[in-house]
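A.B. asks: 3D model of this:
(chains A and B)
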Amino acid sequence: MPTDRPNTAELVEAVREFLSDHVAPNVEGQLAFHTRVAVNALAIVERTLAQGGAMDAAELVRLKDLLKQNGDLEELNAELSRAIRAGEMDDRKDALLAHLRQTAEDKIALANPRYLTKRG
Amino acid sequence: MTAAIQDPKLTAPQQLTAVLRDQMAVEYGSGTKIGGLVRLSGGASRETWSFDALKPDGARQPLILKRDPMDRQADKQFEGVPEGRLAVDRLTEGRLIQLAGEAGAPAPTVPFFLAADERTTCGFFTHRLIGETLGRRILREDAYAQARPKLAFQIGHAAACFHGIDLDLLPEMRGLRAAAELLHYRAIMDSFHQPHAGFEYGFSWLRERLELAGDRYALNHGDFRNGNILVDGNGLAGVLDWESAHLGNPSADLGWMCVRAWRYGYHDKVVGGFGDVSELLDGYAAGGGGRVRREEIHFWQVFGTLRWGILCMILGFTHIDGEQRSVEYAAIGRRAAETEYDLMLLLD
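C.D. replies: Presented below is the predicted three-dimensional model:
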């Protein structure tokens, strides 16, 4: 990516800080609510930029291992969904569940890490 | 029937005030005035208004009007799901609130309906009750400290009452048994062409355990959760928002009440963030609903969790497909990850 500093993550951070520090305190009602929603959405983007690559790589390894075939994430996820529906994963249920649980934990770590805590 | 049109020379409250003045004159006597008219909520599927009818004798009747939106948008269509989402119109919703009240469930009085004409869409009125509907406030505020420990039982009791309504008394509604309802939501998921292994596993898990669903068939509220109940200092004061009502397995309502999304952080209280499943089931039995098995509730809690995930997808794709561009809908789309995480904790 041909970018100078601030890089992508730093730009997203700048917009998030602008919304939370300068916009949110000066609006109310529906606009204040949507500003908080926007701040949270940008925080998802920041976490994805920081951790998403490693998560994708690990997911791809798990999928290849589980399905015993090659492909990219999109192809293998489509194949896994098809195989679950067709009942073809029943002989690998433990491995399947371990994969699905890890994937769900990774997704939530990006989308809403507070959800992993008691009061999230 | 002519469609209702908003007169561009009037504001929406001005036009509605004229409609209300005419109807309240009929209901309460000529000269009845309209005071404090304010719109409570948006939403694509309905408008909710609060106002007072000031009667000629000086008495004041606080009222709520819920009507179909004036700027009606077409319901979201799903490829492969020609019948669309489960929902009822306002007249049916008002009738169901009346029936629920007659059956013994706490429900606001529905004194009369609003007929559609060239000035307004159709709707129904309820007497305005005092209380709280926001789930977070019900769980946090001191005013409801005495109410919270009673709620799970009262909610179970109320559900048993409206689940017991004779099917012959109900207005025309769609109905789906458990297997069909599963296929309904899976077809909606498929319409987005977004393969989802976690949800796929949830659907398979449910399909393999359909015998746990039970075979009861009754009125379902359809969105029975903390957020659609009115609570006052004594506990449950009303069951509201019947727009997703349909016929189906009534345990779906009980399982939906146990989905984590309405616990607002109070996870240890499975029922709405305020109670336990045993209290819910005790109340249900006390209300005449019989003893529902724990496995049946678990089945429907899993189903409800998955259904909430699909509803998150629907809102996410309502944004993505451009039907309604909204940062809120986009963000809710990502909440599907929460339901996927919950599913993985609930499933074996």
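
A.B. asks: going forward, measure contacts and count neighbours with C-alpha atoms only.
C.D. replies: OK.

A.B. asks: got the confidence number for the residue lying farthest from the centre of chain A?
C.D. replies: Going by C-alpha atoms, centre = their mean, the residue of chain A most distant from its centre is residue A:26, 30.3 Å out. Looking at residue A:26, its pLDDT reads 97.

A.B. asks: for it, give its distance to chain B.
C.D. replies: 19 Å (C-alpha to the nearest C-alpha, to the nearest Å).

A.B. asks: phi first, then psi, for that residue.
C.D. replies: phi -110, psi 10 (degrees, to the nearest 10).

A.B. asks: repeat that for residue B:183.
C.D. replies: According to degrees, to the nearest 10, residue B:183 has phi -60, psi -40.

A.B. asks: same thing with residue B:120?
C.D. replies: Dihedral angles (degrees, to the nearest 10) for residue B:120: phi -150, psi 150.

A.B. asks: gap between the strand or helix carrying residue A:74 and the chain center?
C.D. replies: Assigned by DSSP states H and E, residue A:74 falls within helix A:73-85. Offset of helix A:73-85 from its chain centre (C-alpha atoms, centre = their mean, to the nearest Å): 18 Å.

A.B. asks: show the average pLDDT along whichever helix or strand comes after that helix.
C.D. replies: Toward the C-terminus, helix A:73-85 is succeeded by helix A:93-111 as the next helix or strand (DSSP H and E). Helix A:93-111 shows a mean pLDDT of 97.

A.B. asks: ok, helix A:93-111 near chain B or not?
C.D. replies: Yes. Using C-alpha under 8 Å from any C-alpha of the partner chain, helix A:93-111 reaches chain B at A:97, A:100-101, A:104-105, A:107-108, A:111.

A.B. asks: give me the buried subset of those.
C.D. replies: A:97, A:100-101, A:104-105, A:107-108, A:111 (16 or more other C-alpha atoms under 10 Å in any protein chain shown).

A.B. asks: show me the two of these that sit farthest apart.
C.D. replies: A:97 and A:111 (20.6 Å; C-alpha to C-alpha).

A.B. asks: flag every residue of chain B that's near chain A.
C.D. replies: Counting by C-alpha under 8 Å from any C-alpha, the residues of chain B near chain A are B:195-198, B:200-201, B:204, B:264-267, B:327-328, B:331, B:334-335, B:337-338, B:340-341, B:344.

A.B. asks: stretch B:152-163: how far from the chain's middle?
C.D. replies: The answer for stretch B:152-163 is 15 Å, by C-alpha atoms, centre = their mean.

A.B. asks: err, stretch B:126-138, not the other one
C.D. replies: With C-alpha atoms, centre = their mean as the basis, the mean position of stretch B:126-138 lies at 14 Å from the chain mean.

A.B. asks: what do you get for stretch B:82-98?
C.D. replies: The answer for stretch B:82-98 is 10 Å, by C-alpha atoms, centre = their mean.

A.B. asks: contact partners of stretch B:306-313?
C.D. replies: Here stretch B:306-313 makes contact (C-alpha atoms under 8 Å, 6 or more residues apart in numbering or on different chains) with B:185, B:188-189, B:199, B:202-203, B:332-340, B:343.

A.B. asks: and the two most separated of the residues you listed?
C.D. replies: Counting by C-alpha to C-alpha, the most remote pair of the contacts of stretch B:306-313 is B:203 and B:332, 21.1 Å apart.

A.B. asks: relative to chain A, how far out is residue B:124?
C.D. replies: Distance from residue B:124 to chain A, by C-alpha to the nearest C-alpha: 26 Å.
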